[in-house]
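# fold the stuff below for me.
(chains A and B)
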Amino acid sequence: DAGVIQSPRHEVTEMGQEVTLRCKPISGHDYLFWYRQTMMRGLELLIYFNNNVPIDDSGMPEDRFSAKMPNASFSTLKIQPSEPRDSAVYFCASSLPYGQGGFYEQYFGPGTRLTVT
Amino acid sequence: RKEVEQDPGPFNVPEGATVAFNCTYSNSASQSFFWYRQDCRKEPKLLMSVYSSGNEDGRFTAQLNRASQYISLLIRDSKLSDSATYLCVVKGGWNNLFFGTGTRLTVIP
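Residues are numbered from 1 along each chain as shown, chains lettered A, B, ... in the order given. So this is what the prediction gives:
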């Protein structure tokens, strides 16, 4: 089975440009999470969805960040405009529906390494 | 205050050594705890859950002390392949997880 798929794997962009990160969760998983990882702050939860509905976006740093999940198999995280301090690895993860055995385990995608110059 | 705090290390140990990692969590109502492993430039993956009574998986032993809000991971007979960053994780409300910043382990030949 395919795991969580993220694209692009690497993104280098200039400050002020729009960046869109994409994620396809594992089929049958109804939770989807977006994380950001930096050396200084570790892994931070940005937002998560359940059944395509945003549940908690309190981790989104500011209005420049937005996330959507138009259907069960696709989500995007957009940064507009991007800034150098947004440079990080962005992970998408998914998990099984609540109540199913092992639902707490989150399966991570390979990440998108974003560099904003 | 952070939800989960870990000693960042790094820990450099020889092959065959025993090494222990610790972390503390801030929410006394937390019910579920885990250790994830992250290899260099890779994604985190679940290593093991942590049960109240303590649990073992081969060379790995996880323990929980609710009174002290403290979680530990013990690795016996360290292998070169154990070199990674180990993330202490606490489940929050609903299904979200809080990750520690990780403890980096390097096993030296």
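
# and residue 47, how many neighbours?
The chain I'm using is chain A. 23 (other Cβ atoms under 10 Å in any protein chain shown). (Each C-beta comes from the backbone N, C-alpha and C, glycine too.)

# try chain B instead
19.

# ok, now which ones touch it?
B:34-37, B:60, B:73, B:86 (Cβ atoms under 8 Å, 6 or more residues apart in numbering or on different chains).

# so which of those also contact chain A?
By Cβ under 8 Å from any Cβ of the partner chain, the members of the contacts of B:L47 lying near chain A are B:F34.

# sitting in strands, which of the contacts of B:L47 do you find?
Cross-referencing the contacts of B:L47 against strands under DSSP state E gives B:34-37, B:60, B:73, B:86.

# and which of the contacts of B:L47 is nearest to chain A?
B:F34 (7.5 Å; Cβ to the nearest Cβ).

# can you put the ones in strands among the contacts of B:L47 in JSON lines and add pLDDT and distance to B:F21?
Formatted as JSON lines, the ones in strands among the contacts of B:L47 follow (pLDDT from 0 to 100; distance: Cβ to Cβ, whole Å):
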{"residue": "B:F34", "pLDDT": "93", "distance to B:F21": "13"}
{"residue": "B:W35", "pLDDT": "96", "distance to B:F21": "8"}
{"residue": "B:Y36", "pLDDT": "96", "distance to B:F21": "12"}
{"residue": "B:R37", "pLDDT": "97", "distance to B:F21": "11"}
{"residue": "B:F60", "pLDDT": "97", "distance to B:F21": "11"}
{"residue": "B:L73", "pLDDT": "97", "distance to B:F21": "5"}
{"residue": "B:Y86", "pLDDT": "96", "distance to B:F21": "6"}
